[in-house]
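Asker: Build me a structure from this.
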Amino acid sequence: MNAPTVDALAATVPDGALVALPPDNSLPSLALARALVRRGAKRLRLLGVPVSGFATDLLIGAGCVAEVETSAVSLGEAGFAPRFTAALKAGTIKVRDATCPAIHSMLQATEKGIPFMPLRGIIGSDILRNRPDWRVVPNPMGDGVPDPIVLLPALSPDVALIHGAMADEAGNVWLGRRRECATLAHASKRVLATVERLVAGDMLEDERLAPGCISGTYIEAVAVAERGAWPVALLDEYPFDAAHLSEYARLAKTEAGFAEYLDRYVLAPRAQAAE
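Answerer: Residues are numbered from 1 along each chain as shown. Below you'll find the predicted structure:
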């Protein structure tokens, strides 16, 4: 089975695209994030599904990002996301505040083919003041008693970047128990996936594997990238690299340190060869 390279996939992501990334605990493709840095992507609009992590901070630091829509940006136990924090303070990126349920609801609306999704839990939150696209209306199914509800517009990312354990000859990608990525795949216009390995056959024909698959119907292209989620974890394949994340958090506190990190781990020939 022949597959494109990671850098070839990254080359198909246009500048200015709305790029969706799962959180660090739910299979983002760090391999594709690094490839986007190498190709010099510009003006990307990132969507955290529903929170943003290492890949988002890396892309912001490299100057690839104009806007972020997310419910949080964090490196988890490694602390705050330093390049996001610096860019926010400098005013070089725009942030669209959201909540975890809101992001999932907007993606579900697209998945279901409807123009909006109602949500109640954010009534009374200050976030509504900063989201004019989220409309508070009377409950149309109510009985006359005041009952406001928020309508969230359907959201369809231009491209989603995910990393799975394996893909098969039919283009199916196995993500195990991370089924939230299925909604992301269904709602996105394109899905680019990296995987640890390619396998023969059709996993949808295997009762044990089929529940953990995203159908190849939703996957545009797959590239092999061993340890393509690193330094975050991949299911039972490998754990978070806590030491590396701590090193990144330390270096990325300054522009000089971040540039050193890029040279060592993203732009270096060995990084390109590994992906």
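Asker: For the residue nearest to Leu128 when sequence neighbours are not counted, give its distance to Ser105.
Answerer: In this structure, Leu128 finds its nearest non-sequential neighbour in Trp134, 6.1 Å apart by CB to CB, 6 or more residues apart in numbering. (Glycine included, C-beta is placed from N, CA and C.) Distance, Trp134 to Ser105, by CB to CB, to the nearest Å: 10 Å.
Asker: Which residues are in contact with each of those two?
Answerer: Leu152 (CB atoms under 8 Å, 6 or more residues apart in numbering).
Asker: For Gly142, report the pLDDT, please.
Answerer: Predicted confidence (pLDDT) for Gly142: 88.
Asker: ok, now which ones touch it?
Answerer: So Gly142 contacts nothing (CB under 8 Å, 6+ apart).
Asker: ok so it is a strand residue?
Answerer: No: secondary structure of Gly142 (DSSP: H, G, I helix; E, B strand; the rest coil): coil, not part of a strand.
Asker: Model confidence score at the residue nearest to Leu128, please.
Answerer: Per-residue confidence for Trp134 comes out at a pLDDT of 98.
Asker: Can you tell me, leaving aside adjacent residues, what's nearest to Pro23?
Answerer: Spatial nearest neighbour of Pro23, excluding adjacent residues (CB to CB, 6+ apart): Val51 at 4.7 Å.
Asker: so who does that neighbour touch?
Answerer: The contact partners of Val51, by CB under 8 Å, 6+ apart, come to 23, 70-74, 100.
Asker: can we see that at 10 Å?
Answerer: Going by CB atoms under 10 Å, 6 or more residues apart in numbering, Val51 touches 21-26, 70-74, 76, 98, 100, 103.
Asker: Off-centre distance for stretch 7-18?
Answerer: Taking CA atoms, centre = their mean, to the nearest Å, the mean C-alpha location of stretch 7-18 is offset from the chain mean by 14 Å.
Asker: Just the mean pLDDT for that stretch, thanks.
Answerer: Averaged over stretch 7-18, pLDDT sits at 98.
Asker: what does stretch 38-54 give?
Answerer: Stretch 38-54 shows a mean pLDDT of 98 in the predicted model.
Asker: tell me which residues in it are buried?
Answerer: 38, 41, 44-54 (16 or more other CB atoms under 10 Å).
Asker: what's the spacing between it and its chain's center?
Answerer: Distance of stretch 38-54 from the chain centroid (CA atoms, centre = their mean) equals 7 Å.
Asker: Okay, the closest residue to Cys213 other than its chain neighbours and Gly144: tell me how far apart.
Answerer: In this structure, Cys213 finds its nearest non-sequential neighbour in Asn172, 4.6 Å apart by CB to CB, 6+ apart. Distance, Asn172 to Gly144, using CB to CB: 50 Å.
Asker: These two: which has the busier surroundings?
Answerer: Shown here are Asn172 and Gly144; by other CB atoms under 10 Å, Asn172 has more neighbours (28 against 7).
Asker: which ones are touching that one?
Answerer: Contacts of Asn172 (CB under 10 Å, 6+ apart): 164, 166, 193, 199, 201-206, 209-210, 212-219, 222.
Asker: part of a strand, is Val136?
Answerer: Yes: counting by three-state DSSP, Val136 is found in a strand.
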